[in-house]
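Colleague: Build me a model:
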Amino acid sequence: MFNASLVLTHDLLLNRKMQTLSLYVRKMDQKFIIVCILLVASFTYPYQCAYQAASMDLVEIAKTEANLKPLLEAAIKEWERTEAAKDEPEDLDDKMEYRDAKKFLEELDKHELFTSETGDESGTNPILCFKLVKRMTYFWNDQQILNKIPKHIGNKLRAAVANSTFLTTTDVTVASESLHRLFEVYELSIEDLIDGNIPGLPHTFSLTSWDLYSVGMVPYHHSNYIHAEWFSEAAIMKSIEEDDNNDKTSPETGETFRLQYIYPTLLHSIYSQGDVRRALQRSQELLEKYPDMEYAANMEKDSLKLIRRKEADRMANYSISTHSEYPEAVPMFRKLCQKGSQLPLTETRKLRCHLSVNNKPRFMFKPARVEIVKRNPVVVVVHNILSDDQVARLLQFGVPTLKQAMITGDQGNANPVHTQTRTGNVGWLFKNETTEAIIDEVNGYIHDYTDFIMEHTEAYQFVNYGAGGHYSIHHDAFYGDWQVKTHAPEGFGNRLATFLYYLNDVKIGGSTVFPRLNIAVKPEKGSAVFWPNLKKNGEIDYRTIHAGCPVLWGKKFVINKWIRAWGQALAAPCTLEASE
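Modeller: Residues are numbered from 1 along each chain as shown. Prediction:
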């Protein structure tokens, strides 16, 4: 089978012999220089993260809570009226259940005020999303709030709750992972996270001890015991502060919560780092205050045993797991997410913006606005290639197809699987009578710009990332023949190149980054980014591993077109040179 691969198509676009109309940046053309500088600068905005509910649209969940809020308010007023009508009424402020219900209602009032001041985008704030998910899982779904109200009160509220759809503990786990991802990728301080301060976002609510414990369990379950220790210590300090303020924030009382949950997590995190002597010290400190604390007693016993056997020092070899297929690329991935492209001046001075016609009628009256962001391998951004109407039609057809994201399984398990490698919703746009017109239009742009044969491509993958949504470092090409045969009709070959359309602007975050190329591309509505997945000799080009940074503020909609190698010999001639 002929195995074609990508040639530097866009170098051909710069060649006058190919009849490409290009406007190169020149020293005398100062206005165009400024335009190019602004375009490059637009890709360097820091931060990117967001959260994606595992089962439902958070907008709909927020609407559900908004409908329940006035019913809760009416139930509390009914409670007050019923008590006041008694011959010997009690002071409801002395009842913990009443105080808790009022406090919960006050939290809903604050969330509603925040939403009205900032508009729809408040639903994409990761801390507000996290708070919403926990409320809809524990307080509403587990009926903690209803259990505080007398059973003869609030019949309308009880009926509405019974007929509503809520979230689950799985969604709480995903929301917690999203907050930890922000902390890890953007190197936020725990102090800022506790206070609800994320740079670039409006201030919301501080995190409670229960919140911090939930987030800390994410690195704990992934064996990242250093972060687990940090969050456990923060949860303990916050819990003691809540006790001092008589501010109950979890289903357990403060001290019981610490003894049963936080302290054991802290001790195990320290011990699992290999720091046995410090684990022994903390255990003994806790036993002085809580002599009956069984976990601390067992930890003291185990730590002393290792120290006596002189094995403690050999355990101190812990290193944080990156949980990445490309661990060496993780530091640059984080840097690109935080600060944008990291190319040296010697390389950026060679990059160009130009208008491309490529001898195609489509581009004669509206040339493609091309920005070269990397020359070898070629990575280009085509600005404003889609109109607002085309974007709207793609969203119209794509959104109804969305389901929770999955990725290709390992060999022997080729079925897609759920994973934290990718958190978002995914759908597929297939060509039919309804979608034929818009798919032909967007296919036409790719063909006219690259000369690739569109019959040898996959269906458009439609993807939505919400608050915390991301895609870890990966490569689009398949690694073995079994994958190539499983995921496309026989003979289509490997994924030669990727053409990614952005369907909306993202307020903060969501960039597509290439850690081995040191470049970051910020989402821009109607624009596209294009890169090769294979070398000219048909081998995988691992320089183009890439990732989607977490979305910090906003939502992100994209469509991918994966172009297969078979039949692309004219657009992408192959070579027998091993180095190409």
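
Colleague: contacts and neighbour counts: CA atoms only from here.
Modeller: OK.

Colleague: can you give me the helices in the stretch 401-550 of the chain?
Modeller: 436-450, 481-486 (DSSP state H, counting those that start in this stretch).

Colleague: Does the first one pack against any helices or strands, and if so which?
Modeller: Think helix 436-450. In terms of contacts (3 or more CA pairs under 8 Å, 6 or more residues apart in numbering; DSSP states H and E), helix 436-450 is packed against helix 388-398.

Colleague: export the helix it packs on as CSV, just CAs?
Modeller: Listed in CSV are the C-alpha atoms of helix 388-398, where the atom choice follows Å, rounded to 0.1, in the frame of the first residue of the first chain:
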residue,chain,number,x,y,z
ASP,A,388,-20.5,33.6,11.8
ASP,A,389,-23.3,31.9,9.9
GLN,A,390,-21.2,28.8,9.2
VAL,A,391,-20.2,28.6,12.9
ALA,A,392,-23.8,28.9,14.0
ARG,A,393,-24.8,26.0,11.6
LEU,A,394,-22.0,23.8,12.9
LEU,A,395,-23.0,24.4,16.5
GLN,A,396,-26.7,23.8,15.5
PHE,A,397,-25.9,20.3,14.1
GLY,A,398,-23.0,19.4,16.4
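
Colleague: Can you list the neighbours in contact with that helix?
Modeller: Contacts with helix 388-398, where a contact means CA atoms under 8 Å, 6 or more residues apart in numbering, come from 427-429, 435, 438, 462, 503, 526.

Colleague: Could I get the buried residue list for that helix?
Modeller: In terms of neighbour count (16 or more other CA atoms under 10 Å), helix 388-398 has its buried residues at 390-391, 394-395, 397-398.

Colleague: Let me see the ranges of the helices in the stretch 251-400 of the chain.
Modeller: Under the criterion DSSP H, counting those that start in this stretch, the stretch 251-400 of the chain contains helices at 254-257, 263-272, 276-289, 294-308, 330-339, 345-348, 361-364, 388-398.

Colleague: For the ones you listed, which has the smallest mean pLDDT value?
Modeller: Here the lowest mean pLDDT among the helices of the stretch 251-400 of the chain goes to helix 254-257, at a mean of 78.

Colleague: list the helices and strands that helix packs on?
Modeller: Here helix 254-257 is seen to pack against helix 225-244 when contacts are counted using 3+ CA pairs under 8 Å, 6+ apart.

Colleague: okay, and the helix or strand of this protein with the least pLDDT?
Modeller: Lowest on mean pLDDT, DSSP states H and E among the helices and strands of the chain sits helix 30-41, with a mean of 32.

Colleague: Show the low-confidence segments of the stretch 1-150 of the chain, by residue range.
Modeller: Counting by pLDDT under 70, the ranges of the stretch 1-150 of the chain that qualify are 1-57, 110-124, 142.

Colleague: residue boundaries of the helices in it?
Modeller: Assigned by DSSP H, counting those that start in this stretch, the helices in the stretch 1-150 of the chain fall at 9-13, 30-41, 58-84, 96-118, 126-134, 144-148.

Colleague: Tell me how many other residues crowd residue 291.
Modeller: Neighbourhood size, residue 291 [other CA atoms under 10 Å]: 12.

Colleague: And residue 363, by the same measure?
Modeller: So residue 363, with other CA under 10 Å, has 18 neighbours.

Colleague: Apart from its neighbours in sequence, what residue is nearest it?
Modeller: Leaving aside its chain neighbours, residue 363 sits nearest to residue 357 (4.8 Å; criterion: CA to CA, 6 or more residues apart in numbering).

Colleague: Isn't that neighbour up against residue 364?
Modeller: Yes. In this structure residue 357 lies within contact range of residue 364 using CA atoms under 8 Å: 5.8 Å.

Colleague: and these two? which has more neighbours close in?
Modeller: Set side by side, residue 357 and residue 364 show more neighbours around residue 357, with 22 against 13, by other CA under 10 Å.

Colleague: Take the helices of the stretch 251-400 of the chain and write them to JSON lines, including distance to residue 160.
Modeller: Below are those laid out as JSON lines (distance: least, CA to CA, whole Å):
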{"stretch": "helix 254-257", "distance to residue 160": "31"}
{"stretch": "helix 263-272", "distance to residue 160": "38"}
{"stretch": "helix 276-289", "distance to residue 160": "46"}
{"stretch": "helix 294-308", "distance to residue 160": "43"}
{"stretch": "helix 330-339", "distance to residue 160": "43"}
{"stretch": "helix 345-348", "distance to residue 160": "59"}
{"stretch": "helix 361-364", "distance to residue 160": "55"}
{"stretch": "helix 388-398", "distance to residue 160": "31"}
